[in-house]
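Engineer: Starting from these lines, generate the structure:
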Amino acid sequence: MSEGKDAYYFANAIGLIVDRTSDRRQVLASAWLLAEGKVATMAESLVIYERCADALEIVFPSAGQRFAVKRIVFHPQFKRRSLARTVEETIRDTGSSKSVKDHNCAVLYLDDKVSDLSEARRAELVKSLSLRFAGPEQGLSGSLAEIEFSLLIQTLCNARKQGELIIVDDRNYPVAQVFCDSGRIRFARYRHLTNELAVYQMVAQKLKNKFFFHSAGDPSWLARKQIEVAPDVLLIESYRRLDELEKLRAGMAGDPCFIRKKGEAELERLPPDWQEEARLIWSVADGLTAASRLWHLVNLDDQTIFKTLPLLCELELLAVSDSAWIDPVNWSDNQMQSRATLSASATAPILPLPVAPQLGLSPGDLLASIVVDGRSYRRGIKHGQLFGAVDAFDSYQLIHNLPMLPEFAGCPIFKNGYVVAMQVGALPSNPEVSLPVLQQCLWVESIMDCLSRSGEAAMVKELTREVKPSVTALLPLASSEALMTIRPSVEQAGCVEVANLDCPRCGLSSFHTAQFCENCNFELIPIERVSKGSGETLVLEMLSKPSARSWGAISAVLGLLIIIACLTSLILLPQANLAASPGVYLGRRPWLNLSVKQANAKLGTWETPGADKIFKNGDTIYLNVDVLKPCYVYLLHQTDKATPELIYPQPDKPGKLYSAGVKITYPDRIEERSPGGSGRLIGMTFAGDPGTETFICIAASAPLKLTSSRSVFDQVNHNTALVYGWDSFPNGFEIDQNVLEQGAKPGEGLKSVGLAERERFVYVTRLIASHQR
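Structural biologist: Alright, predicted model coming up:
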């Protein structure tokens, strides 16, 4: 079978998820045929459609077929945010980037018959899927089609407004934000771009969206660095770049795609000032991305991209090419047919794609993905490499470098002709570093798990029982391994090797996580968290020029310093020989939540006991930890008569960095099922004399030495007991890591409590469970 013909049949199984209530038939994501009547896709884009499945349609452009959606099944461990009803609620509820959510996958059940939506039902769906726009109730609102962006920004700055300008899409979901304060633009973001680049790109895109301004004390995202230039200077530069961009676009015929002609080493021929931007653009030029869409794949604005492209072509490093696309599809939207009405020869066949969760994955593996352009319906094959896992203890979240546009989320990713992963989206990038936008995919085993948990275990067994030899469209990536039958292998399945990303600050790489450098703590893959007026944003602003609202906080700090100065004079007097107290601070907000769950043996379920619950011998419980910010987690246990012991992680295992939103249980298995399907709950069971069980949970930004040093373990126990001897600290406390581990004197190495110093802090909380016979 020829390569082109195989690619044709594989492309038949790639679908586009369309919102058919939208006037422009918005493509939400891609999907691929997993089995007859079922497609797999990325979950995050479909959360709001869970109860509105009839608003969706699956179009298979290469096959000329369309299907309705009967229902959506999300992976049980995919944490869906609550459905917000207003723009403000959406801003507040936005947690981590969609690309770092665990098990971000869903299975859609298809219906052969596509019924037209009545006008009444369409209006009902549009109302249900749209956010309520609270602009008129809160402040300034309108449309950028009626007021120019620059005039709007100048109006807000001249009025010295403090708050956030939110630019929204047709359904009032935010697409761009600008935070203003004291007559200046402090922060901005547009898609993955931040600050000046974000403003440049907003102007370059000539946005005509609706906008809404609401008063706020802090930006709704974790803003890291302020815009230093004055608003007028920033706007003048933005429109200068727009003028230059329009001239550069006029010199290009249409909106061409560019493909690499020479190797990376040839980039050294460029002037030094151009090499960084040129390298980024060169790395994503695969002949399948139009020039106007390259900004989605790099941390650059359109003006920089269009200014660099001619230079790369002049040196023959890139060339205009349209040949990377497979022959265009001849089906138009109104020619797409549902399977219930099509004739046998009207459309092309759609066959499920072969999956291979059994296949081993390693950094450096060659990968490919078949994509379908949502605008032209052209098909192409993207090529790249696997970098490795985000975390050494999580084989599901993988990093790769295939240049995938946002609408390609949900596309299958192949190794040796078998689907081994699914595209999820771009990972958040650190704005301080000019690196290509890293992409993330989800190991296909997560989709198999989703099917199994929804009652399709027999189907999963059939899909993964044996992967038979197949000559595929991806012959350039095939090896001898593709010509063999692949059987299940626990040892080789998936990828547990961490992506080897060099730290731009110190040049070293980390072995346990790709999210940050273990040597210097530089954040390579930032995980955004909801600020909600959090201390991080407040400290960022207090360390910069203080705004009017900061003076209250500053006054309180000054008052505290005066008190400390008075106390210091007393400390200089002869003191009693008391135990030195470590420097302890009330937590700005919990790093995690520690709770207990109790087994209900009659119902076979886990329940949350009351706060004053006294357990009895025979009761079974487990500990539940909800991680609220990225951290390493340690659990200690102590009874009335025994010395403390470390119960998590195991003493012989290294700590693990958990992402925000992860749920940890101890023990890790809380349910056991027999081959017949019956199950029983597993946990810790109370027994023996009445007493109390104390569980201490420690969260740290960097690994602690609890697992490797007995002296450190003893010192941690001593200091923890000392602090809890002063107060119960129901919301936990923060303490400097050096003080906790080494017993340093108060203030040693801690001259202030700025952001850099607070990064060394750990968070400690505890749970006490009493029991009787």
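Engineer: For T694, grab the count of nearby residues.
Structural biologist: 18 (other Cβ atoms under 10 Å). For the C-beta atoms, the positions are set from N, CA and C on the backbone; glycine is no exception.
Engineer: How about A285?
Structural biologist: 24.
Engineer: what sits against the residue lying closest to it once chain neighbours are set aside?
Structural biologist: The shortest distance from A285 to any non-neighbouring residue, by Cβ to Cβ, 6 or more residues apart in numbering, is to F258 (4.4 Å). By Cβ atoms under 8 Å, 6 or more residues apart in numbering, the contact list for F258 reads A285, G287, A291, L309, L312, C313, L318, A319, V320, S321.
Engineer: ok, now which ones touch the fifth one?
Structural biologist: L312 is in contact with F258, A278, I281, W282, A285, L318, counting by Cβ under 8 Å, 6+ apart.
Engineer: what does I447 give?
Structural biologist: By Cβ under 8 Å, 6+ apart, the contact list for I447 reads L34, A40, H75, C105, V107, V355, M422.
Engineer: at 10 Å what do you get?
Structural biologist: 32, 34, 38, 40-41, 75, 103, 105-107, 355, 357, 412, 419, 421-422, 460, 463 (Cβ atoms under 10 Å, 6 or more residues apart in numbering).
Engineer: same thing with A291?
Structural biologist: With Cβ under 10 Å, 6+ apart, A291 has these contacts: 248-249, 252, 254-258, 281, 285, 302, 305-306, 309, 320.
Engineer: now do 8 Å
Structural biologist: Residues in contact with A291, defined by Cβ under 8 Å, 6+ apart, are M252, D255, P256, C257, F258, I305, F306, L309.
Engineer: residues near the last one, how many?
Structural biologist: In this case it means L309. 21.
Engineer: Could you report the pLDDT at it?
Structural biologist: Among the per-residue scores, L309 holds a pLDDT of 95.
Engineer: In whichever strand or helix holds it, which residues are buried?
Structural biologist: According to DSSP states H and E, L309 maps onto helix 302-314. Buried residues in helix 302-314, counted by 16 or more other Cβ atoms under 10 Å: D302, Q303, T304, I305, F306, K307, T308, L309, L311, L312, C313.
Engineer: immediately after that helix, which helix or strand?
Structural biologist: That would be, after helix 302-314 and using DSSP H and E, strand 318-320.
Engineer: What's the mean pLDDT across that following strand?
Structural biologist: On average, strand 318-320 scores 91.
Engineer: now swap in stretch 126-141 and tell me
Structural biologist: 70.
Engineer: before we move on, the earlier item: what helix or strand does the residue nearest to A285 sit in?
Structural biologist: F258 is part of strand 257-260 when elements are defined by DSSP H and E.
Engineer: thinking in terms of the whole chain, how far from its middle is that strand?
Structural biologist: Remark: strand 257-260 is offset 29 Å from the chain centroid, using Cα atoms, centre = their mean, to the nearest Å.
Engineer: looking only at pLDDT, what's the mean for that strand?
Structural biologist: With pLDDT averaged residue by residue, strand 257-260 scores 91.
Engineer: Give me the angle between the helix or strand that it is followed by and helix 302-314.
Structural biologist: Next along the chain after strand 257-260, taking DSSP H and E as the criterion, comes helix 272-284. Helix 272-284 runs at 90 degrees relative to helix 302-314, counting by axes from the mean of the first three to the mean of the last three Cα atoms, to 10 degrees.
Engineer: In helix 272-284, which residues are buried?
Structural biologist: Buried residues in helix 272-284, counted by 16+ other Cβ under 10 Å: E277, A278, R279, L280, I281, W282, S283, V284.
Engineer: Repeat that for stretch 637-652.
Structural biologist: Buried residues in stretch 637-652, defined by neighbour count with 16+ other Cβ under 10 Å: H637, Q638, P644, L646, I647, Y648, P649.
Engineer: Pipe those into TSV and attach secondary structure, distance to F516 and pLDDT per row.
Structural biologist: Listed next are these as TSV, based on DSSP: H, G, I helix; E, B strand; the rest coil; distance: Cβ to Cβ, whole Å; pLDDT from 0 to 100:
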residue	secondary structure	distance to F516	pLDDT
H637	strand	29	91
Q638	strand	32	87
P644	coil	29	84
L646	strand	24	89
I647	strand	26	90
Y648	strand	22	89
P649	coil	19	88
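Engineer: Generate a markdown table for those residues, with distance to Q65 as supplementary columns.
Structural biologist: Formatted as a markdown table, those follow (distance: Cβ to Cβ, whole Å):
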| residue | distance to Q65 |
| --- | --- |
| H637 | 58 |
| Q638 | 63 |
| P644 | 63 |
| L646 | 57 |
| I647 | 55 |
| Y648 | 51 |
| P649 | 50 |
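Engineer: Let me see the contact set for I621.
Structural biologist: V596, K597, Q598, A599, F615, G683, M684, T685, F686, A769.
Engineer: In terms of helices and strands, where is the nearest residue to Y666 once chain neighbours are set aside?
Structural biologist: Excluding the flanking residues, the one nearest Y666 by Cβ to Cβ, 6+ apart is L623, at 4.3 Å. Assigned by DSSP H and E, L623 belongs to strand 620-627.
Engineer: Quick check: chain neighbours aside, which residue is closest to Y658?
Structural biologist: Among residues not flanking Y658 along the chain, V627 sits closest, at 4.7 Å (Cβ to Cβ, 6+ apart).
Engineer: give the contact list for that neighbour.
Structural biologist: Shown in contact with V627 (Cβ under 8 Å, 6+ apart): W591, L592, V633, Y658, S659, A660, G661, V662, K663, I664, A699.
Engineer: repeat for E146
Structural biologist: E146 neighbours (Cβ under 8 Å, 6+ apart): none.
Engineer: let's see it at 10 Å
Structural biologist: L152, K208, K210.
Engineer: go on, L33?
Structural biologist: By Cβ under 10 Å, 6+ apart, the neighbours of L33 are 12-15, 39-40, 58, 60, 63, 67, 110, 350-353, 412.
Engineer: let's see it at 8 Å
Structural biologist: Contacts of L33 (Cβ under 8 Å, 6+ apart): A13, G15, V39, F60, I350, L351, P352, L353.
Engineer: Just the buried ones from those?
Structural biologist: Buried among the contacts of L33 (16+ other Cβ under 10 Å): A13, G15, V39, F60, I350, P352, L353.
Engineer: Any chance of TSV for the residues you listed, columns pLDDT, secondary structure and distance to D365?
Structural biologist: Converted to TSV, these look like this (pLDDT from 0 to 100; DSSP: H, G, I helix; E, B strand; the rest coil; distance: Cβ to Cβ, whole Å):
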residue	pLDDT	secondary structure	distance to D365
A13	92	coil	22
G15	94	strand	26
V39	95	strand	25
F60	92	strand	28
I350	86	coil	28
P352	90	coil	23
L353	92	coil	18
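Engineer: before we move on, the earlier item: most neighbours among the contacts of V627, please name it.
Structural biologist: A699 (27 neighbours).
Engineer: hang on, the earlier thing: taking the buried residues of stretch 637-652 together, which two end up most distant?
Structural biologist: Q638 and P649 (17.4 Å; Cβ to Cβ).
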